[in-house]
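1. Structure here, sequence nowhere to be found:
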């Protein structure tokens, strides 16, 4: 995929834009591009915050399904989680602006940020279970945002939430109007909230505010990455679900299940 990094508003805002095309699918190389963009944003001394948005009608259809198969799976998942670790530990407030579909790895990316802005027509979901797999980072991050019951609903059924439902659940922090742009709303929030603050003090305050959350999330993502790679990825239904999706056919699940 392609990731664009630009510094705006007198370099006080670092804008990271997903620009792969219609679906902004995040593959291993794209995760590495995102990580490099976040690191570059952190190295800009006058930057006050990061805004993550996307070109096209959709934020992201998620991580590359093709790279959920061996031999690409291990490298892709580890690069994706390394990128999320960088985002979670970034010493800057991070804002996300969502339009259209925000699914799977795209939602996991958004969950790594400080504040989520969305259009009412957005759809946010973790549909991995429908492919016979699960979302490691989503499983680690969703409960803290929306509570265990709503996290269970999304993670165990694959149900997506509308923008309004996501706002009510606490998944989205602010919803723009139907004719408005969530990125413009996020930029207005950044101008009002961060641009006049000390950049050095804001970085220390961000580390203080988010440090424990980031440490817990990074640890849990690592545990769930191991669960995914050692148990699920080698299971018959984990293999079958990915294959069925790529072959555009209904999956043929086993009748039993692993305990």
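-> Sure thing, it's come through. Keep in mind that this is a model prediction, so the values were computed, not measured.

2. show me the contacts for residue 194.
-> Contacts here follow Cβ atoms under 8 Å, 6 or more residues apart in numbering; on that basis residue 194 touches 12, 48-49, 93, 202. Backbone N, C-alpha and C define where each C-beta goes, glycine included.

3. tell me the two of the residues you listed that are most distant?
-> 12 and 93 (11.5 Å; Cβ to Cβ).

4. okay, and the common contacts of those two?
-> Common contacts of residue 12 and residue 93, defined by Cβ under 8 Å, 6+ apart, comprise 48-49, 190, 194.

5. how distant is the helix or strand residue 192 falls within from the center of its chain?
-> Using DSSP states H and E, residue 192 falls within helix 182-193. Here the centre of helix 182-193 is set off from its chain's centre by 19 Å, with Cα atoms, centre = their mean, to the nearest Å.

6. What's the mean pLDDT across the next helix-or-strand element following that helix?
-> With elements assigned by DSSP H and E, the helix or strand that comes after helix 182-193 is helix 199-227. Across helix 199-227, the average pLDDT comes to 98.

7. So for helix 199-227, what gets flagged as buried?
-> The neighbour-count check on helix 199-227 (16 or more other Cβ atoms under 10 Å) flags 199, 202-203, 206, 210, 214, 217-218, 220-221, 224-225 as buried.

8. tell me how far it is from the chain's mean position?
-> 15 Å.

9. mind listing the strands in the stretch 1-150 of the chain by residue range?
-> In the stretch 1-150 of the chain, the strands defined using DSSP state E, counting those that start in this stretch lie at 3-8, 13-18, 49-54, 94-98, 101-103, 115-118, 123-125.

10. For the fifth one, which outside residues touch it?
-> Which is strand 101-103. So strand 101-103 is in contact with 23, 58-62, 110, 118, 122-127, 160, going by Cβ under 8 Å, 6+ apart.

11. Show me what the mean pLDDT comes to for that strand.
-> pLDDT averaged over strand 101-103 gives 98.

12. ok, now the first one?
-> Over the span of strand 3-8, the pLDDT mean works out to 97.

13. Would you mind listing the outside residues contacting the worst-scoring helix or strand of the chain on mean pLDDT?
-> Least confident helix or strand of the chain, by mean pLDDT, DSSP states H and E, is helix 236-246 with a mean of 95. Helix 236-246 is contacted from outside by 65-66, 68-69, 130-133, 232-233, 250-254, 257, using Cβ under 8 Å, 6+ apart.
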